[in-house]
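> sequence and predicted structure are below.
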Amino acid sequence: MNRVRRLLLLLTAALLLPAPQAIAQISWTMTTEYPATSMPGEGLRFFAEALARESAGRIVVTTRFDASAGIKSAEMIAAVRDSQVTAGDAFAGAMGKVDPLFLLSSLPFIAATNDEARRLTQVARPAYAKRLAAEKQRLLYTTPWPPSGIWAKKPIVSSDDLKGLTIRTYDSTGVKVFAAAGAAPVNLSFADAMPKLIDGSVVAVLSSGDGGAGRKLWDYLPYFTEVNYAVPLSLATLNESAYGALPSELRDAVDRAASATEANQWHLLETRLAENYARMAANGVTLVKASAISADLRRLLANSADQAIVEWRGLSGDAGVALLKEIGR
């Protein structure tokens, strides 16, 4: 067989072989009610980019911010469970409607520093993951928020400043604490709070400087009082069926991306407070330091917080009591 004939036969054989199939690309949607510049928003972006790298482009995550998918934090567990979205990041306190366990990180004054919040998260993470698994979803990563303070039209430094104050809180515990302290609290998602600020029916907001900076609360509330109320969490979850349908190498890619995102989020927290304060100052916000708060307001908030924590212990049962005991509370 001459050389030309052999080449023709090889070419013919190659043409008869089935064409290699292109690797199917998997598309997911992941959402949060917070802006892209917030800690949860940055977590979505980081996770999407990390997963694209880890999966060699086989999983593409479309990110949605500012509740543009029509889903707020309180609705996120159901939305992920029912595959309305593949994944989502939600403020844990808002998820307390599903289980009081999720109120843990936003209990007042039990974790007011970064180190305390990290310890609480390490202790509670297995319980969060187990409870979310019962809702057919996988805990991907946690995102800490900088310490919560009070945005208002004036400094909040005495008990009189709280009397009758219409303040947005981010969970049911906050409603109890501020009601007991004499304010007029209302539990609102961030998305729902903004119209209330605009129409004047809410005149103060419990939030971190991070959430406030992202939403530009300074357009309405020019004072931020450091209260160090809590360092609460947001939780990012993934539909369990979507995860389970992946081949093992892609499940590993998801796990690596989630682990990297969690490490990044906690690293961001170390410098985030100073960055937020600088941004707030640049936009005319007056920072009222915690040292300016009067002794009577400190006592009032502490007593109100103690009542709320006692009630939470009763709601969460032995599991909640055990978690608090493990962190020394």
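That came through, no problem. As the structure is a prediction and not an experimental result, all values here were calculated from the model.
> which intervals of this protein have sub-threshold pLDDT?
1-23 (pLDDT under 70).
> let me see the domain layout of it.
With domains defined by automatic domain parsing, the chain comprises 26-146+232-272, 148-230+279-326.
> let's have the ones you listed in TSV, adding mean neighbour count.
Any C-beta I mention is one placed from the backbone N, CA and C, and that applies to glycine too. As requested, the domains of the chain are exported to TSV (neighbours: other CB atoms under 10 Å):
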stretch	mean neighbour count
domain 26-146+232-272	20
domain 148-230+279-326	19
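> and residue 205, that's in a strand?
Yes: under DSSP: H, G, I helix; E, B strand; the rest coil, residue 205 sits within a strand.
> let me see the contact set for it.
Going by CB atoms under 8 Å, 6 or more residues apart in numbering, residue 205 touches 150, 151, 152, 167, 168, 193, 197, 212, 217, 221.
> quick check: the last one touching residue 204?
Yes: in this structure, residue 221 sits in contact with residue 204. The criterion is CB atoms under 8 Å, and the distance is 6.8 Å.
> could you name every residue contacting both of these two?
151, 152, 153.
> just those: which are in strands?
Members of the shared contacts of residue 221 and residue 204 lying in strands (criterion: DSSP state E): 151, 152.
> for the stretch 151-300 of the chain, what spans make up the strands?
166-169, 184-187, 204-208, 223-225, 233-239, 286-288 (DSSP state E, counting those that start in this stretch).
> so for residue 264, which of those sits nearest?
Judged by CB to CB, the one of these that comes nearest to residue 264 is strand 233-239, at 12.1 Å.
> for the closest one, which strands pair with it and how are they oriented?
strand 87-91 (antiparallel), strand 137-144 (antiparallel) (DSSP bridges).
> tell me which stretches of the stretch 1-150 of the chain form strands.
26-32, 59-64, 87-91, 137-144, 148-152.
> tabulate the ones you listed (TSV), appending distance to residue 314.
Shown next, in TSV, are the strands of the stretch 1-150 of the chain (distance: least, CB to CB, whole Å):
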stretch	distance to residue 314
strand 26-32	31
strand 59-64	37
strand 87-91	23
strand 137-144	26
strand 148-152	23
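> minimum distance to residue 109: which of those strands has it?
Closest among those, using CB to CB: strand 148-152, at 10.4 Å.
> what packs against that closest one?
Contact partners of strand 148-152 among helices and strands, from 3 or more CB pairs under 8 Å, 6 or more residues apart in numbering; DSSP states H and E: strand 204-208, strand 223-225.
> thinking again about what came up before, okay, the shared contacts of residue 221 and residue 204 in a markdown table with distance to residue 73 next?
Formatted as a markdown table, the shared contacts of residue 221 and residue 204 follow (distance: CB to CB, whole Å):
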| residue | distance to residue 73 |
| --- | --- |
| 151 | 19 |
| 152 | 23 |
| 153 | 26 |
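> out of the strands paired with strand 233-239, which gets nearest to residue 123?
Proximity to residue 123 (CB to CB) singles out strand 137-144 among the strands paired with strand 233-239, at 12.1 Å.
> sorry, back to before: include distance to residue 291 when you put the strands paired with strand 233-239 into CSV, please.
Formatted as CSV, those follow (distance: least, CB to CB, whole Å):
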stretch, distance to residue 291
strand 87-91, 28
strand 137-144, 24
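> next, residue 220: phi, psi?
For residue 220, the backbone dihedrals (degrees, to the nearest 10) come out as phi -120, psi -30.
> for it, which non-adjacent residue is spatially closest?
Spatially, and ignoring its direct neighbours in sequence, residue 220 is nearest to residue 197 (4.6 Å; CB to CB, 6 or more residues apart in numbering).
> wait, that neighbour sits on residue 217?
Yes: assessed by CB under 8 Å, residue 197 is found in contact with residue 217 at 7.4 Å.
> skip the chain neighbours and tell me the closest residue to residue 97.
residue 74 (5.6 Å).
> hang on, I meant residue 147
Nearest to residue 147 is residue 228, by CB to CB, 6+ apart, at 4.7 Å.
> just residue 165 next, same as before
Using CB to CB, 6+ apart and skipping the chain neighbours, the partner closest in space to residue 165 is residue 183 (4.4 Å).
> check residue 304 too.
Closest to residue 304 by CB to CB, 6+ apart is residue 180, at 3.8 Å.
> relative to residue 318, how far out is the one you found?
25 Å (CB to CB, to the nearest Å).
> and what of residue 146?
32 Å.
> circling back: hmm, the residue nearest to residue 304 is touching residue 310, no?
No: counting by CB under 8 Å, residue 180 does not reach residue 310; the two are 11.5 Å apart.
> sorry, back to before: now render the helices and strands packed on strand 148-152 as CSV, adding distance to residue 261.
As requested, the helices and strands packed on strand 148-152 are exported to CSV (distance: least, CB to CB, whole Å):
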stretch, distance to residue 261
strand 204-208, 19
strand 223-225, 28
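> of all the ones you listed, which one is nearest residue 158?
Of all those, strand 223-225 comes closest under CB to CB, at 10.8 Å.
> from the contact counts, what lies against the closest one?
Packed next to strand 223-225, using 3+ CB pairs under 8 Å, 6+ apart, are strand 148-152, strand 286-288.
> let's have the ones you listed in CSV, adding distance to residue 132.
What follows is the helices and strands packed on strand 223-225, written out as CSV (distance: least, CB to CB, whole Å):
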stretch, distance to residue 132
strand 148-152, 23
strand 286-288, 36
